[in-house]
Every structure is written in C-alpha cells, then in structure tokens.
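> Give me coordinates for this.
(one chain, ligands or ions: 1)
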Amino acid sequence: MNKSVLINNQINNFKKKSIKVDGDKSLSIRFILLSSLSKGRCTASNLLRSEDVQSTINSIQKLGIKIKLRNDHCEVNGKGLYGLKFKKNLVLNLENSGTAARLMFSMVSNSNYWVKITGDKSLRKRDMGRVIKPLKLFGIRFKKNNTKLPIWIKGPKLLKPIKYTENLGSAQCKSAMMIAALRANGKTELKCLPSRNHTEIMFKNVFKIPIKVKKEKDYDIIKVRGINEFKGFNYKIPGDISSASFFIVLTLLSKKNSLLIRNININPSRTGILKILNIMGAQIRILKKKYYKGEQIADLLVKSNKNLKAINLSPKLNSSAIDEFLLIFLVASVSKGVSTFRNLSELNKKESKRLNWGIKILKMMNIKVRKIKNDGIKIWGNPNLKLKKSFIVKNFLRDHRIFMVSTIAALTLGGNWKIHDADCFKTSFPKYLRILNSLGAKIR
Ligand code: S3P
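Predicted coordinates for the structure are as follows:
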C-alpha cells in the first residue's frame, strides 16, 4: 500500500539537543561486500540496517557467505577472493541500490555460470554502461549488449589488469574497477576524476592491499596490484553525513534551534555540504575530530540562521556534495540573492531525476528557478518565504531523498503537505522519522 505523510505544522523548539544518525551507507555496503572477499571473520558495529544494505546482505548470502546480524552488529565469515559460490540460474536483486548493483558486477566476475543482476523499477532505469565498459576490458563477460538491468555476467577466474580513465567522477565506477583489480593478475592503473574515496581508504588502511594513490592535476591516479588475499577485520561504521544533512538543514532553517549531531564521517570527499552551507553563512562547527582507519570522524554543531546568502557554486565542489543537492537547493531558495549551480547532469542519473525534481519542488513553492546551460540551475532566493498553500509530492520513483527533503521543506517553511511513499526513507535512513519525532515533529 502506498502510505503518505501529512505535515501541517512547522517544527517548534527542539525537544532534544543532540542526536545520532544511522551508520554510513557507502561504508556499510562496502563492509558487506569486501568482508565476504576477506579470508576470515569480520565484524562491524553500527552497520546501517537499511533496505539498500539488506539487499546487499541478501545477495552475498546467496553467494554462500555466512552473515550473522544482531541489531546493528554484523559478523561476516569471508572465504577469500575466490570463495563465493555460484549456482546455476542465480539471480541477485539489489532492489534500489545503485552502489550495490554496480559493485556486484565485479564481485561475481569469476562465476562459471551466468549470474543475473537486477533491481527495482528505479534501478532498472539507471545506466549500467558506465561500469560495463571498463569491466569488459578486465575480461568480464556480459551476455547481452544492454546497459540497463537485468544484466547477466560471468567471467574467467583470472582477470587482466587494465589502464582506464574515469571521467564521470563516479565512486561506484571507480570502486567496481578496484574490486575487479583484486582478481587481476598485475597492476591496474586508474585515472579518476575525484569522487568519494572510501574504497581507496579501506584497501590501504584496513586490508593493507598494495595500493598507491596520487593527485595529478584534476585526477586521482590509483594503482592497485592484484592478486593479494586479505585477512578478516573489525570495523566501526561512523554516522552518515548524507543522513545528518537533513537535520543540519532542518536546524538551519527552523527558528532558534541548535543541534549537536554526534559521530559523523567527515571524510573531505563527502563534506561538500558543510563547505557550501558555511559559504552561505551557516557557521556549522566541527567538534572532537578524530581519525579512524583512514576516515575522519567528528561531532557537528549547527544553529538556526535566517541570514543566509546565495552562492555561485564552483563545480569542483559538486562531487563531494552529490547526494545533498536537493537540500542545498532548498537552502538557496530562502537565501538572499541569486544562486547558481553548474555541471549537474549526474543528478538526473540518481534514484530519480533529482535535478528536474529539485526544480519542480522549488517551482511548486513559488520560487523563481531556471535551468541554465551546462546542466545548471539558477535559484532566486526569497528569505521571507512563508508557505501557506497545500502541496502534494508524489510519483517520485520512491526516491528516499525526495521524500526526506519534502519533509524538511514542510517542517521549516509551512504549508499543508501530503508526501507519498512514506516508507521509502528506509532505503537509506530507517531511523529518520523516529529522530524527527524525537525533536518534536509529530509525523504519523
Ligand atoms: C556512492 C557514490 C555516489 C553516490 C551514491 C553512493 C558510493 O555515486 O551518489 O549515493 O557509495 O559509492 P557516484 O557513483 O555517482 O559517485
């Protein structure tokens, strides 16, 4: 049944002043995949128990790996680089997760039978050609020439190392190639536009896999040497900055609130949202910063601020804020001046066409917004914006981030909102509504 939420009231003063959000999605998916390839027992605490992570777990279990779960604690018994079991007619359904699906292509690269990889309605619309192209160079075989799921894969035991330039700035592409490189006999050399670097950090700091990363002009040069088995490992997953961002913007745009968000991964390849909001005047503070296995973790302190100013964003910051643009557009819509964003074609390749949806939601709120050349948009902010009308948000392919950003608009700007697909936030952030309500949101 398609449930919806109704929001008719803005949020008042928060009841709580400090929260913890769910574990990081990128790290949770990487933990499940990579631990299954290790030789030994791996544990993780604070694993994100969301639908995207669950579909990753289901698929890895289908590949013969034992996984034990107790709340957010997880134990995986890795069987080494060649330990996954492939049955005939195997189907792996990654549901909504682009990351899990694209990385799964190289996980099953040594299957002797065709493995079918598929997903839900949204994932079946997304381009897989971006990973198929480089993976074919490693020697991985694809049954048909299509670039959309379902896709059938099998491959030789030993892959060939490759040299490849990745020009999308996609962490999923880069990581799919890095996982393939684990089974390639020799040195793989990747020249990648910057994107989140969790896989590089895990390879180097957790698995001690021979990997070299250096900067060369606009690119990261990544060299990985296969074939090296790695041992079991223990991992503590920090909170997800993409989930924290909804509460950062909720606090920023509400009245006279302050909120401490504890234990957040502030890897610089993910903190574009902090840099962007601070340029706009937000003054978000980073407290108790520490290092953990190559990642950076801190508490974030944010305060309400009605004096935000527009931004002319350098596209260099796009990749480190790639999942936060709907929130950034919302902040721009109440900031003083005209904001400009460019080179955002990747946004229309996410769970839904997020650039188009951003424009649609802002227009619905009577904000002047225009598409400009090079997949950009201009937003004319209105710092006095107060919504009074009724709004319905529906048919957004169950995109979790569209659901959540709509709730933040409703709770901070007013109006009567009906937002469909009320359970889709469980894709990435199952505790979302519970935390909102603990702050006083009263969402049923
Ligand atoms: C992810 C990479 C990003 C991001 C996605 C998660 C990852 O996509 O949008 O939500 O965990 O690697 P790109 O492949 O476009 O970088």
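
> need the residues of the stretch 51-200 of the chain near the ligand, please.
Residues of the stretch 51-200 of the chain lying close to the ligand by C-beta under 6 Å from any ligand atom are 99, 170-172, 175, 195-196. Quick note: C-beta positions are derived from backbone N, CA and C, even for glycine.

> Which of these fall in helices?
By the criterion of DSSP state H, membership of these in helices covers 99, 171-172, 175.

> Are any of the residues you listed buried, and if so which?
Among these, those buried by neighbour count (16 or more other C-beta atoms under 10 Å) are 99, 171-172, 175.

> Look up the closest residue to whichever residue of the stretch 1-150 of the chain sits closest to the ligand, ignoring the ones flanking it.
Using C-beta to the nearest ligand atom, S26 is the residue of the stretch 1-150 of the chain that sits closest to the ligand, at 3.3 Å. Of all residues not flanking S26 in the chain, H198 sits nearest, at 5.3 Å (C-beta to C-beta, 6 or more residues apart in numbering).

> Next: G358.
Excluding the flanking residues, the one nearest G358 by C-beta to C-beta, 6+ apart is F329, at 4.4 Å.

> check contacts around E216.
K191 (C-beta atoms under 8 Å, 6 or more residues apart in numbering).

> For it, give its distance to the ligand.
Distance, E216 to the ligand, by C-beta to the nearest ligand atom, to the nearest Å: 20 Å.

> Just give me the neighbour total for the residue of the stretch 1-150 of the chain closest to the ligand.
24 (other C-beta atoms under 10 Å).

> pretty sure it contacts N197?
No - the criterion here is C-beta atoms under 8 Å, and S26 misses it with N197 at 10.2 Å.

> quick one: stretch 93-101 to chain centroid distance?
12 Å (C-alpha atoms, centre = their mean, to the nearest Å).

> Stretch 44-53 now?
On C-alpha atoms, centre = their mean, the centre of stretch 44-53 falls 13 Å from the chain's centre.

> Residues contacting that stretch, please?
By C-beta under 8 Å, 6+ apart, stretch 44-53 touches 22-25, 28-29, 31-32, 35, 69, 71-74, 76, 95-97, 99-100, 234-240, 426-430.

> still on that earlier bit, which residues are in contact with each of S26 and N197?
A171.

> all helices of the protein, in order?
Counting by DSSP H, the helices of the chain are 25-37, 51-62, 98-107, 129-137, 171-182, 198-201, 241-253, 272-279, 325-333, 354-364, 400-413, 432-438.

> how about those helices in a markdown table, adding mean pLDDT?
Shown next, in a markdown table, are the helices of the chain (pLDDT from 0 to 100):
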| stretch | mean pLDDT |
| --- | --- |
| helix 25-37 | 98 |
| helix 51-62 | 98 |
| helix 98-107 | 98 |
| helix 129-137 | 98 |
| helix 171-182 | 98 |
| helix 198-201 | 98 |
| helix 241-253 | 98 |
| helix 272-279 | 98 |
| helix 325-333 | 98 |
| helix 354-364 | 98 |
| helix 400-413 | 98 |
| helix 432-438 | 97 |
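
> For T165, which of those is the nearest?
helix 129-137 (9.4 Å; C-beta to C-beta).

> Just the CA atoms of the closest one, as PDB, please.
Output of helix 129-137 as PDB, limited to C-alpha atoms (Å, rounded to 0.1, in the frame of the first residue of the first chain):
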ATOM      1  CA  GLY A 129      27.100   1.000 -19.300                       C
ATOM      2  CA  ARG A 130      29.400   3.200 -17.200                       C
ATOM      3  CA  VAL A 131      30.700   0.100 -15.300                       C
ATOM      4  CA  ILE A 132      30.200  -2.500 -18.100                       C
ATOM      5  CA  LYS A 133      32.600  -0.600 -20.400                       C
ATOM      6  CA  PRO A 134      35.700  -0.800 -18.100                       C
ATOM      7  CA  LEU A 135      34.800  -4.200 -16.700                       C
ATOM      8  CA  LYS A 136      34.700  -5.800 -20.200                       C
ATOM      9  CA  LEU A 137      38.400  -4.700 -20.500                       C
END
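
> Give me the buried positions along that helix.
Buried residues in helix 129-137, counted by 16+ other C-beta under 10 Å: 130-132, 134-135, 137.

> Same question for stretch 206-220.
Quick answer for stretch 206-220 (16+ other C-beta under 10 Å): 206-207, 209, 211, 213, 219-220.
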